[in-house]
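J.: Need coordinates for the below:
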Amino acid sequence: MSDADSKIHATEIPGGYREVLRVAYPLIISMGSFTVMQFADRMFLSWYSATAIQAALPAGILSFTLICLFMALAGYANTFVAQYHGAGDRMGCSRSTVQGVILAVASWPVMLALMPIGWWLLRVSGHAPPVFEAEMQYFNILMIGSVTAPLGAAFSSFFTGRGDTLTNMYAHVAGNVVNILLDYAMIFGRWGFPEMGIRGAAWATVIAGFVAPSIFAFLYFRPQMREQYQTTKHLKLDWPLMKRLFQFGFPSAVHLLLDVGSFSLFVLLIGRMGRVALAASNIALAVNGLAFMPLLGFAMAATILVGQYQGRGESAYAERATWTCMKMGWMYMVVIAMTFVFLPHVYFELFTGRGADALDIAEVLPVGRYLLIMMALWGMMDAASLVFSGALKGAGDTRFVMVYSVIIAWGVWLTGEFLIIAVFKLGVIAAWIWLTVYVFLLAIGFFIRFLGGKWKSITILEPSVPITPDRPGAEALGLVE
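T.: Numbering: from 1, shown residues only. As a prediction, this is how the structure comes out:
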């Protein structure tokens, strides 16, 4: 850490607004760039054809469902890096990162082997034949490039866990810009590329997916990092650390898998309601990325800061940082929610009215405006759910997060959705009302768990020597001038 950085950090109140903003704003920009990329992807596909936009979300979220467990497990190295960094252990940071990278590479053949499960789920979803064909094309290509997500999560852990969220921002913004450019070129056949439609969107995602991991790897192995963190020396399996990564990371990964899986099943069920319901719901969920992805930035900031302060044994500062992330997330969500309520036509006009098979805004807006209103209602609770669960993960309380999420998502929410959609056939509005109830229940549970304070006593690192000024990395804690 430079003298200038040390002076800046010395003026920050631990867990206060300035510190949270310093850590969070690059993550918010990174997540925001992903939102813009995904928004542009969906918008281009809606311009291309109604079939493409109907197919992209179910196939996309299904592929992510099969990938996310491995991404989350490899990415949980972030919490270990944060706690090792908080404890002043540089070697622990590089050792943790390498275990995540090993997991990411080893997961690739496993993810490819899961493809038949995706084929079966798409086949039994009952979507129209043209939509099913497009879904299969999109899904297969995304799964071929599935290694990029866990690999990027593992390498980025080294930077974000140490609080270097700027590097994370630059790498992901670069990848997302490449994705947008390739989307336009490969969907419509511009700049010498063939017109590939939904297949072009998928290949653009795969190609651009290698940008961020490549940048991270280059920076991770540069001479400065090799000297300070011995990144090449620790490029090997550390079985005791790997077991601890599994112990705490697997529940977190299962939580994400079941969370995303429940949404994937929800989207597939909505597809049974017909063209208008599926299109309106897909567009609303694409718009929701404007709120959800930046909120993930605050959640990641909570995970990082809680991890660092828990590594230093300073739970009071970890708690303060969480509340600060919560307040800032709410400030952001209030602004976005107002646009959902008062400007629904602006969002839906972006996805309609182009191409021979394009959607007509008159078809989807009457339904879509109510979906956006509900998104505004549960947006505040979604912010609470993300931040509090992020804080609990940063402390290592991953088992509770997993168990509670399974009970609420699969035992309560999806059971109700099946009855609403498949049994009583109450319509898409009723289905989204029950989704709103689910988000409220999820947030309340994480809030109560956080207030209980059990997370403060969890230890995820192996016993180590006390932090002293001569320990590697101690200057990061202000112990060395």
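
J.: Once you drop chain neighbours, what's closest to Thr97?
T.: Phe158 (4.1 Å; Cβ to Cβ, 6 or more residues apart in numbering). Every residue, glycine included, has its C-beta placed from N, CA and C.

J.: number of nearby residues for Gln230?
T.: When neighbours are counted by other Cβ atoms under 10 Å, Gln230 registers 15.

J.: OK, contacts around the residue nearest to Thr97?
T.: Residues near Phe158 by Cβ atoms under 8 Å, 6 or more residues apart in numbering: 77, 81, 93-94, 96-97, 216, 220.

J.: Tell me where the model's unsure across the stretch 351-481 of the chain.
T.: For the stretch 351-481 of the chain, applying pLDDT under 70 flags the ranges 352-359, 463-481.

J.: what do you get if the cut-off is 80, keeping everything else the same?
T.: Within the stretch 351-481 of the chain, the set of residues satisfying pLDDT under 80 comprises 351-361, 462-481.

J.: May I have the residues that are in contact with the closest residue to Ser63 other than its chain neighbours?
T.: Among residues not flanking Ser63 along the chain, Leu142 sits closest, at 4.1 Å (Cβ to Cβ, 6+ apart). Contact partners of Leu142, counting by Cβ under 8 Å, 6+ apart, are 59-60, 63, 202, 205-206.

J.: Centre-most residue in the chain?
T.: Centroid-nearest residue in the chain, with Cα atoms, centre = their mean: Leu296, separated by 6.5 Å.

J.: Tell me which helix or strand comes right after the strand or helix carrying it.
T.: Using DSSP states H and E, Leu296 falls within helix 275-311. Counting by DSSP H and E, the next helix or strand C-terminal to helix 275-311 is helix 315-342.

J.: For the helix or strand following that following helix, buried residues please.
T.: Once the chain leaves helix 315-342, the next helix or strand it forms, by DSSP H and E, is helix 344-349. Neighbour-count burial for helix 344-349 flags 344, 347-348 (criterion: 16 or more other Cβ atoms under 10 Å).

J.: picking that back up, and the helix holding Leu296, what does it pack onto?
T.: Helix 275-311 sits against helix 17-48, helix 50-75, helix 77-86, helix 239-270, helix 315-342, helix 344-349, helix 361-395, helix 428-452, with contacts defined as 3 or more Cβ pairs under 8 Å, 6 or more residues apart in numbering; DSSP states H and E.

J.: Put together a markdown table for the ones you listed, with distance to Trp119 on each row.
T.: Formatted as a markdown table, the entries for the helices and strands packed on helix 275-311 read as follows, by distance: least, Cβ to Cβ, whole Å:
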| stretch | distance to Trp119 |
| --- | --- |
| helix 17-48 | 21 |
| helix 50-75 | 10 |
| helix 77-86 | 31 |
| helix 239-270 | 13 |
| helix 315-342 | 35 |
| helix 344-349 | 32 |
| helix 361-395 | 29 |
| helix 428-452 | 25 |
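
J.: Alright, I will stop here.
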